[in-house]
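Trainee: no sequence for this one, just the structure:
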């Protein structure tokens, strides 16, 4: 009986992985009638609502699940994420910190706490969280780029450039990092390298970067003309 039940839950998860959340929902409800205290099923039940636009309903399911399993990292994570998506940074931070106590080596939790700190305007705190996340997931170029953006927001363009370069070293086709590096180099007065990285960004992802690259290249040209005029 137990093996049959596990297979049923696996089947439900496969249905959800195909995006059929409403089809999966009554199956999970039926499953929970037999096993009401299964934390995986509780989480999946909430997911069927979260991914169909009913985040409030999902939160209630996960909150009730946390009363039974207050240390379940998946329920804590999802409940925190739901609050974050609704703009409630206080509770998002509170429950991600609880999740971190249960799973202190989870890069995603550090990443999300960094997102909260960034949204609160605490950029140095965000950088601290993202650096910790990167130590656990060393090849995450999004983290490297985020750290660069935070430093750029603090007008620390030299440090920003270092992190963008790290991202590009790990993924030479990361268009956003090329574009951000171009901006940082422009602020540092390194105009030709700035132009080169801007053009790479436009080539890699013209839909996203062609227009802002054109604006940046125009600024580079204006700066070059200004410097040339000063030299005469």
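Mentor: Yep, it's here. None of these values were measured; they are calculated from a predicted model.
Trainee: average pLDDT for the longest helix along the chain?
Mentor: When secondary structure is assigned using DSSP state H, the longest helix within the chain turns out to be helix 206-231. Model confidence over helix 206-231, given as mean pLDDT, is 95.
Trainee: mind giving me the packing neighbours of that helix?
Mentor: Helices and strands in packing contact with helix 206-231 are listed as helix 175-187, helix 191-204; criterion 3 or more CB pairs under 8 Å, 6 or more residues apart in numbering; DSSP states H and E. C-beta coordinates here come from the backbone N, C-alpha and C atoms, glycine included.
Trainee: low-confidence ranges in this structure?
Mentor: Within the chain, the stretches falling below the threshold (pLDDT under 70) are 1-7.
Trainee: which positions within stretch 78-94 qualify as buried?
Mentor: By neighbour count, with 16 or more other CB atoms under 10 Å as the criterion, the buried positions of stretch 78-94 are 78-84, 92-94.
Trainee: what's the closest of these to residue 155?
Mentor: Distance to residue 155 across these (CB to CB) is lowest for residue 93, with 26.0 Å.
Trainee: wait, that closest one sits on residue 116?
Mentor: Yes: counting by CB atoms under 8 Å, residue 93 does reach residue 116; the two are 4.8 Å apart.
Trainee: about what we covered before: in TSV: the helices and strands packed on helix 206-231, plus distance to residue 225 and mean neighbour count.
Mentor: Rendered in TSV, the data for the helices and strands packed on helix 206-231 read as follows (distance: least, CB to CB, whole Å; neighbours: other CB atoms under 10 Å):
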stretch	distance to residue 225	mean neighbour count
helix 175-187	14	24
helix 191-204	11	19
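Trainee: need those in JSON lines (columns: distance to residue 17).
Mentor: Putting those into JSON lines (distance: least, CB to CB, whole Å) gives the following:
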{"stretch": "helix 175-187", "distance to residue 17": "28"}
{"stretch": "helix 191-204", "distance to residue 17": "30"}
